[in-house]
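Enquirer: Compute the structure for the input listed below.
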Amino acid sequence: MASAVSFDDLVEVVRQRGATGRSLTAIAGAPGAGKSLLAKKLVAQLNDEISESAAVLEMDGYHLDDLILVPRGLRARKGAPETFDVDGLRHMLGRLRRGEEIGISVPVFDRSLEVARAGARFIPRSVRHVVVEGNYLLLDRRPWSDLLPFFDTTVMIFVPETILRERLTRRWQGYGLSPGEIAAKLDENDLPNGRAVTAGSVESEFVLDAW
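Expert: This next block holds a predicted model:
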């Protein structure tokens, strides 16, 4: 059974597991659960203690481009499990796990442009704590389940759907979407994706509620 964990306790777990070598932590949850915020705060805390010891890898950097999604009829479902380069992410996790290179450039998703920027972040060999965040990291179906062996620590964030709806509404308002566009985003994509995460993920080692 997953154990409830506080932020401070999670910092200590990650710190200890990366004490003697590189450790990968997965932070999963529905859209709007606060994965990015948690990952960034966790990495900042660890880097405050030891500079360049922690870094974030975002699953969203592996979004398939619209040039692929449009011909496949998947543009409206962008963000669903089938709209990611999961094999590319798996290979990157392998490179990060091995830690053989001086550093590795990783992609970062630019939400304002709805595109992934290749090589937008550099993870040097000095990094001992790689914090990977994304909706489907713990999804219990292939090809997503092929990612599970790479993670030393797994965390799921649980947030009630009413709160997710409020957060996601504010997010899309910030990008200038109309009320109708926001309603479509939430009810046809974001919230169904969140339910898929909740119902279809393996049990995590730790849970964090309403982050």
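Enquirer: Okay, residue 21 and residue 103: tell me how far apart.
Expert: The gap separating residue 21 from residue 103 is 17 Å, by Cβ to Cβ, to the nearest Å. C-beta coordinates here come from the backbone N, C-alpha and C atoms, glycine included.
Enquirer: And the pLDDT at residue 69?
Expert: Residue 69 carries a pLDDT score of 94 in this model.
Enquirer: any idea what sits nearest it, other than its immediate chain neighbours?
Expert: Leaving aside its chain neighbours, residue 69 sits nearest to residue 75 (4.7 Å; criterion: Cβ to Cβ, 6 or more residues apart in numbering).
Enquirer: Touching, that neighbour and residue 66? I think so.
Expert: Yes. Taking Cβ atoms under 8 Å as the definition, residue 75 is a contact partner of residue 66 at 6.0 Å.
Enquirer: returning to what we had before: how many residues are close by the residue nearest to residue 69?
Expert: 14 (other Cβ atoms under 10 Å).
Enquirer: what pLDDT does it get?
Expert: 89.
Enquirer: likewise residue 175?
Expert: 84.
Enquirer: From here on, call the first residue 36.
Expert: Shifting the count to begin at 36 puts that one at residue 210.
Enquirer: Let me know the distance separating it from residue 120.
Expert: Taken as Cβ to Cβ, the span from residue 210 to residue 120 is 23 Å.
Enquirer: Which one's more surrounded, those two?
Expert: Applying other Cβ under 10 Å to residue 210 and residue 120 shows that residue 120 carries more neighbours, namely 18 against 12.
Enquirer: okay but the more buried one is in contact with residue 95, surely?
Expert: No. Here residue 120 lies out of contact with residue 95, judged by Cβ under 8 Å, at a distance of 11.1 Å.
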